[in-house]
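>>> 3D model of this:
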Amino acid sequence: MKITLPKVLLFVGLLWLNLTSETAANELVSDAPENAEVYFITPQDGQTLKSPFKVVFGLKNMGVAPAGVDKENTGHHHLLIDLEQLPNLTLPLPSTDQVRHFGGGQTETEITLPAGKHSLQLLLGNYLHVPHKRPVISNKIEIIVEE
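Model (predicted):
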(Lines give C-alpha, C1' and ligand atoms only; values in the text may rest on other atoms or scores of the structure.)
Protein backbone atom coordinates (compact mmCIF):
# COMPACT_ATOMS: atom_id res chain seq x y z
CA MET A 1 0.00 0.00 0.00
CA LYS A 2 1.40 3.35 -1.05
CA ILE A 3 1.29 6.04 1.62
CA THR A 4 0.40 9.40 0.14
CA LEU A 5 0.06 12.83 1.70
CA PRO A 6 -3.77 12.77 1.42
CA LYS A 7 -3.87 9.41 3.25
CA VAL A 8 -1.59 10.74 6.00
CA LEU A 9 -3.75 13.87 6.36
CA LEU A 10 -6.92 11.76 6.48
CA PHE A 11 -5.39 9.53 9.17
CA VAL A 12 -4.22 12.53 11.24
CA GLY A 13 -7.64 14.19 10.86
CA LEU A 14 -9.49 11.06 11.98
CA LEU A 15 -7.12 10.61 14.92
CA TRP A 16 -7.63 14.26 15.97
CA LEU A 17 -11.42 13.92 15.65
CA ASN A 18 -11.38 10.76 17.79
CA LEU A 19 -9.21 12.34 20.48
CA THR A 20 -11.29 15.54 20.46
CA SER A 21 -14.59 13.68 20.88
CA GLU A 22 -13.10 11.47 23.61
CA THR A 23 -11.81 14.57 25.43
CA ALA A 24 -15.16 16.32 25.03
CA ALA A 25 -17.00 13.25 26.35
CA ASN A 26 -14.63 13.05 29.35
CA GLU A 27 -15.33 16.71 30.14
CA LEU A 28 -19.05 15.97 30.41
CA VAL A 29 -18.55 13.40 33.16
CA SER A 30 -18.29 14.37 36.85
CA ASP A 31 -16.78 12.55 39.80
CA ALA A 32 -18.90 11.17 42.62
CA PRO A 33 -17.77 10.10 46.08
CA GLU A 34 -17.05 6.36 46.36
CA ASN A 35 -19.67 6.04 49.12
CA ALA A 36 -22.47 7.87 47.28
CA GLU A 37 -25.79 6.00 47.19
CA VAL A 38 -29.16 6.65 45.62
CA TYR A 39 -32.18 4.61 46.72
CA PHE A 40 -35.95 4.55 47.03
CA ILE A 41 -37.52 5.72 50.26
CA THR A 42 -40.87 4.73 48.81
CA PRO A 43 -42.15 2.56 47.21
CA GLN A 44 -40.52 -0.57 48.53
CA ASP A 45 -39.44 -3.52 46.40
CA GLY A 46 -42.37 -5.88 45.86
CA GLN A 47 -44.99 -3.39 47.02
CA THR A 48 -48.49 -3.41 45.48
CA LEU A 49 -49.85 0.08 44.73
CA LYS A 50 -52.70 1.90 43.06
CA SER A 51 -51.97 4.62 40.48
CA PRO A 52 -51.15 7.38 40.87
CA PHE A 53 -48.58 6.76 43.59
CA LYS A 54 -45.82 8.72 45.27
CA VAL A 55 -42.14 7.99 44.65
CA VAL A 56 -39.60 9.46 47.09
CA PHE A 57 -35.89 9.46 46.22
CA GLY A 58 -33.12 9.02 48.77
CA LEU A 59 -29.49 10.10 48.40
CA LYS A 60 -26.50 9.58 50.74
CA ASN A 61 -23.09 11.26 50.71
CA MET A 62 -23.97 13.66 47.89
CA GLY A 63 -26.19 16.68 47.47
CA VAL A 64 -28.99 17.47 45.05
CA ALA A 65 -28.57 20.39 42.66
CA PRO A 66 -30.70 21.36 39.67
CA ALA A 67 -29.53 20.63 36.13
CA GLY A 68 -27.23 23.39 34.92
CA VAL A 69 -25.66 23.94 38.36
CA ASP A 70 -22.09 22.62 38.26
CA LYS A 71 -21.34 22.02 41.93
CA GLU A 72 -18.97 19.31 43.16
CA ASN A 73 -20.52 16.15 44.66
CA THR A 74 -24.04 16.97 43.50
CA GLY A 75 -26.45 15.72 40.89
CA HIS A 76 -30.13 15.37 40.14
CA HIS A 77 -32.40 12.36 39.89
CA HIS A 78 -33.54 10.37 36.87
CA LEU A 79 -36.24 7.72 37.29
CA LEU A 80 -35.87 4.71 35.02
CA ILE A 81 -39.18 2.92 34.44
CA ASP A 82 -39.40 -0.56 32.92
CA LEU A 83 -35.98 -0.06 31.33
CA GLU A 84 -34.43 -3.36 30.29
CA GLN A 85 -31.07 -1.90 29.21
CA LEU A 86 -29.32 1.15 30.62
CA PRO A 87 -28.68 4.02 28.21
CA ASN A 88 -25.12 5.01 27.33
CA LEU A 89 -23.74 6.23 30.68
CA THR A 90 -21.12 8.51 29.08
CA LEU A 91 -23.68 10.73 27.35
CA PRO A 92 -26.53 12.93 28.57
CA LEU A 93 -29.52 10.77 29.47
CA PRO A 94 -32.41 10.90 27.02
CA SER A 95 -35.75 12.25 28.21
CA THR A 96 -38.42 9.65 27.48
CA ASP A 97 -41.40 8.01 29.17
CA GLN A 98 -38.92 5.43 30.50
CA VAL A 99 -36.21 7.93 31.54
CA ARG A 100 -37.82 10.73 33.52
CA HIS A 101 -35.73 13.76 34.44
CA PHE A 102 -35.98 15.69 37.69
CA GLY A 103 -33.64 18.49 36.66
CA GLY A 104 -35.28 20.95 39.01
CA GLY A 105 -33.69 19.11 41.92
CA GLN A 106 -36.94 17.37 42.91
CA THR A 107 -36.65 14.54 45.43
CA GLU A 108 -40.13 13.10 45.00
CA THR A 109 -42.86 12.77 42.41
CA GLU A 110 -46.24 11.22 41.77
CA ILE A 111 -46.48 8.85 38.82
CA THR A 112 -49.22 6.97 37.06
CA LEU A 113 -48.53 3.57 35.56
CA PRO A 114 -50.90 1.04 34.03
CA ALA A 115 -51.90 -2.04 36.00
CA GLY A 116 -49.25 -4.75 36.05
CA LYS A 117 -45.70 -5.42 37.12
CA HIS A 118 -43.17 -2.60 36.70
CA SER A 119 -39.50 -1.98 37.46
CA LEU A 120 -38.12 1.27 38.87
CA GLN A 121 -34.52 2.38 39.23
CA LEU A 122 -32.86 5.68 40.11
CA LEU A 123 -29.81 7.11 38.37
CA LEU A 124 -28.11 10.34 39.40
CA GLY A 125 -26.98 12.68 36.64
CA ASN A 126 -24.64 15.64 36.86
CA TYR A 127 -25.45 19.20 35.83
CA LEU A 128 -25.54 18.10 32.16
CA HIS A 129 -27.72 14.98 32.77
CA VAL A 130 -24.63 12.75 32.37
CA PRO A 131 -24.18 9.93 34.92
CA HIS A 132 -21.07 10.25 37.10
CA LYS A 133 -17.79 8.43 36.31
CA ARG A 134 -18.78 5.81 38.86
CA PRO A 135 -22.53 5.79 38.19
CA VAL A 136 -24.64 6.49 41.26
CA ILE A 137 -27.47 4.08 40.55
CA SER A 138 -29.97 2.33 42.79
CA ASN A 139 -30.92 -1.30 42.88
CA LYS A 140 -33.80 -2.00 40.53
CA ILE A 141 -37.05 -2.58 42.41
CA GLU A 142 -40.22 -4.20 41.17
CA ILE A 143 -43.69 -3.04 42.04
CA ILE A 144 -47.17 -4.18 41.13
CA VAL A 145 -49.79 -1.65 40.14
CA GLU A 146 -53.33 -2.87 40.65
CA GLU A 147 -56.47 -1.54 39.02
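
>>> From here on, just use CA atoms for contacts and neighbour counts.
OK.

>>> After the lowest-mean-pLDDT helix or strand in the chain, which helix or strand is next? Please name it.
When each helix and strand of the chain is scored by mean pLDDT, DSSP states H and E, helix 5-28 comes last, with a mean of 47. Where DSSP states H and E defines the elements, the next helix or strand beyond helix 5-28 is strand 37-42.

>>> mind listing the strands for this protein?
Taking DSSP state E as the test, the strands found in the chain are 37-42, 48-50, 53-60, 63-64, 74-81, 99-102, 108-111, 116-125, 141-146.

>>> Ok, which of those comes nearest Pro92?
strand 116-125 (8.1 Å; Cα to Cα).

>>> Who's the closest spatial neighbour of the spatially most central residue of the chain, skipping the chain neighbours?
By Cα atoms, centre = their mean, the chain has its centre lying nearest to Leu123, at 4.3 Å. The shortest distance from Leu123 to any residue other than its chain neighbours is 4.4 Å, reached at Ile137 (Cα to Cα, 6 or more residues apart in numbering).

>>> Check Ile141 too.
Nearest to Ile141 is Asp45, by Cα to Cα, 6+ apart, at 4.8 Å.

>>> any idea how far His118 is from that neighbour?
In this structure, Asp45 and His118 are 10 Å apart, going by Cα to Cα, to the nearest Å.

>>> if I look at the two, which residues touch both of them?
With contacts taken as Cα atoms under 8 Å, 6 or more residues apart in numbering, Asp45 and His118 have 142-143 as neighbours in common.
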